[in-house]
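# with the sequence up front, the predicted model follows.
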2 protein chains.
Amino acid sequence: MSSEPRLTPTSYIVLGLLEAAGEATPYDLKRIVAISLGNFWSLPHAQLYAEPVRLSKGGYLSERREEGGRHRRYYRLTERGKEVLREWLAQPTEQMAELRNPAMLKIFFGADPRQMAEAQLPVCQAKVTEFEELERNIEGNVPEGMLLTLRIGLAHQREWLNFWSRMLIPGPEPSEGD
Amino acid sequence: MSSEPRLTPTSYIVLGLLEAAGEATPYDLKRIVAISLGNFWSLPHAQLYAEPVRLSKGGYLSERREEGGRHRRYYRLTERGKEVLREWLAQPTEQMAELRNPAMLKIFFGADPRQMAEAQLPVCQAKVTEFEELERNIEGNVPEGMLLTLRIGLAHQREWLNFWSRMLIPGPEPSEGD
DNA sequence: CCCTGATGGTCTGCTTCGGACCGTGCAACA
DNA sequence: TGTTGCACGGTCCGAAGCAGACCATCAGGG
């Protein structure tokens, strides 16, 4: 009864989504991810097809197949699945996020911050706006946790916006030669 | 120069580090990463051994081997390596960072924010302190880009600190004793 | 001279990534 | 009324990244 396949973050994402959805196909999961979780934890859609297979084998999910044209797979949590999800949720973690921004990496190695800012600012601004709208739309009719994640996401996005904006302020000459 | 291996972020990290270092062994790179870049873009040390091999094959690095006991490999940028690095640095990118904080993921799926905050706060606080010290120590004697990345890293870390602190403020009761 | 621990390096198995590619059915339109 | 195109739903694969066990060299002290 111990670890058959080990459970990774991806596993818990699938479990978590299925708990909320009740029963769903990978395609459903894919769409849900696209409008929610994907904002801060993206994954290739192929994993949402592969992972449930692994989880079924481990007894965490039950599977039901459609007979008709597209043999859709419907997945649902088993008791065991619910249990491991509950345990995971109750287990605090000290792991922290990394920044991993490609533009930042370039700056670290000496790229021109202004040039990066010019590319980053528009997308960054768009993200902020998007998140703000999203927040307004979901406030009140969505679990508290999702709101919190959106808010912290927004806070970070604003921090980036701030950073990139500052890069563009025509400040003390970018001294070519000193 | 046939079958080029494609250049990934990891590749550019190695190239970038080598440009600064001149010549270095993977072990050198590993130590450099540990105290600088690793703060916001970590990688398993094994990659710092594997990647230079790939890069050498592609003609981006030259390799010199020690004769003695540990056949250390010393790497150095070739002209070609310098060139692709320069190109990469000059190329702005719109890609943005993801948040990917495991604690946040749990909260998204309904975990108790306070409980997570209790685990996150101490490490988070420690990071902030560490970064602040680091900033004081390197200010002035390090390339501008590295300072900038440290500063934005610090800003984000503070944002997290803020977030987790707020979670702990004894606010509208979620029942404490159950 | 052996033990221990730091230094320096290799290997392996699995997960994740990215994207190409494949059927099915519907809808536009010639 | 067929054909074409495209959105939907899904599969597959190779390459890159991750985690961590493990190995090999060397120095110093008992």
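Thanks, I have the structure now.
# the worst-scoring helix or strand of chain A on mean pLDDT vs chain B: in contact?
Here the helix or strand of chain A ranked lowest by mean pLDDT, DSSP states H and E is strand A:61-65, holding a mean of 91. No: using CB under 8 Å from any CB of the partner chain, we find that strand A:61-65 stays clear of chain B, coming within 15.8 Å at best. All C-beta atoms are positioned from the backbone trio N, CA, C, and that covers glycine.
# could I get the buried residue list for that strand?
A:61, A:62 (16 or more other CB atoms under 10 Å in any protein chain shown).
# which elements pack onto that strand?
helix A:9-21, helix A:45-57, strand A:73-77 (3 or more CB pairs under 8 Å, 6 or more residues apart in numbering or on different chains; DSSP states H and E).
# roughly how far apart are the closest residue to residue A:14 other than its chain neighbours and chain B?
Take residue A:14 and drop its neighbours on the chain: the residue closest to it by CB to CB, 6 or more residues apart in numbering or on different chains is residue A:51, 4.8 Å away. Computed as CB to the nearest CB, to the nearest Å, the residue A:51 to chain B distance reads 15 Å.
# how about the contacts made by residue A:51?
Shown in contact with residue A:51 (CB atoms under 8 Å, 6 or more residues apart in numbering or on different chains): A:10, A:11, A:13, A:14.
# switch to 10 Å and redo it
With contact set as CB atoms under 10 Å, 6 or more residues apart in numbering or on different chains, residue A:51 has these partners: A:5, A:8, A:10-15, A:26, A:29, A:43, A:61, A:75.
# residue nearest the centroid of chain A?
Centroid check for chain A by CA atoms, centre = their mean gives residue A:41 as the closest residue, at 1.8 Å.
# report the secondary structure state of that one.
coil (DSSP: H, G, I helix; E, B strand; the rest coil).
# establish whether stretch A:125-142 and chain B are in contact.
Yes: Stretch A:125-142 is in contact with chain B by CB under 10 Å from any CB of the partner chain, via A:126, A:127.
# what's the mean pLDDT across that stretch?
Mean per-residue pLDDT for stretch A:125-142: 93.
# mind listing what's buried along that stretch?
Of the residues in stretch A:125-142, those buried (16+ other CB under 10 Å) are A:127, A:128, A:131, A:134.
# other SSEs contacting the helix or strand containing the third one?
Going back to what we said before, that points to residue A:131. Element membership for residue A:131, per DSSP states H and E: helix A:113-138. For helix A:113-138, the elements it packs on are helix A:102-108, helix A:144-168, helix B:79-90, helix B:144-168, judged by 3 or more CB pairs under 10 Å, 6 or more residues apart in numbering or on different chains; DSSP states H and E.
# run the last query once more with 6 Å
Helices and strands touching helix A:113-138, as assessed by 3 or more CB pairs under 6 Å, 6 or more residues apart in numbering or on different chains; DSSP states H and E, comprise helix A:102-108, helix A:144-168.
# okay, those helices, which one's buried deepest?
helix A:102-108 (a mean of 23; mean count of other CB atoms under 10 Å in any protein chain shown).
# any part of that helix near chain B?
Yes: for helix A:102-108, a contact with chain B is found by CB under 6 Å from any CB of the partner chain, at A:102, A:103, A:104, A:106, A:107, A:108.
# nearest to DNA strand C among these?
Among the residues of helix A:102-108 next to chain B, residue A:102 lies closest to DNA strand C (CB to the nearest atom of the strand), at 9.9 Å.
# got the contact list for that closest one?
The neighbours of residue A:102, taking CB atoms under 6 Å, 6 or more residues apart in numbering or on different chains as the test, are B:93, B:95.
# again, only this time at 7 Å
B:9, B:93, B:95 (CB atoms under 7 Å, 6 or more residues apart in numbering or on different chains).
# close to DNA strand D, is stretch A:87-98?
No: on the criterion CB under 7 Å from any atom of the strand, stretch A:87-98 is out of touch with DNA strand D, staying 8.2 Å away.
# what are the buried residues along that stretch?
A:88, A:89, A:92, A:93, A:96, A:97, A:98.
# using a markdown table, lay out those together with secondary structure, distance to residue B:122 and pLDDT.
Shown next, in a markdown table, are these (DSSP: H, G, I helix; E, B strand; the rest coil; distance: CB to CB, whole Å; pLDDT from 0 to 100):
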| residue | secondary structure | distance to residue B:122 | pLDDT |
| --- | --- | --- | --- |
| A:88 | helix | 21 | 97 |
| A:89 | helix | 21 | 97 |
| A:92 | coil | 11 | 96 |
| A:93 | coil | 12 | 95 |
| A:96 | coil | 11 | 93 |
| A:97 | coil | 16 | 92 |
| A:98 | coil | 18 | 93 |
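# let me know the closest of those residues to DNA strand C.
residue A:98 (11.8 Å).
# distance of that closest one from residue B:102?
The gap separating residue A:98 from residue B:102 is 11 Å, by CB to CB, to the nearest Å.
# same thing with residue A:115?
In terms of CB to CB, residue A:115 sits 33 Å off from residue B:102.
# quick one: residues contacting residue A:121.
By CB under 7 Å, 6+ apart, the neighbours of residue A:121 are A:164, A:165, A:168.
# what about DNA strand D: which of the residues you listed touch it?
Restricting the contacts of residue A:121 to those near DNA strand D - CB under 7 Å from any atom of the strand - leaves none.
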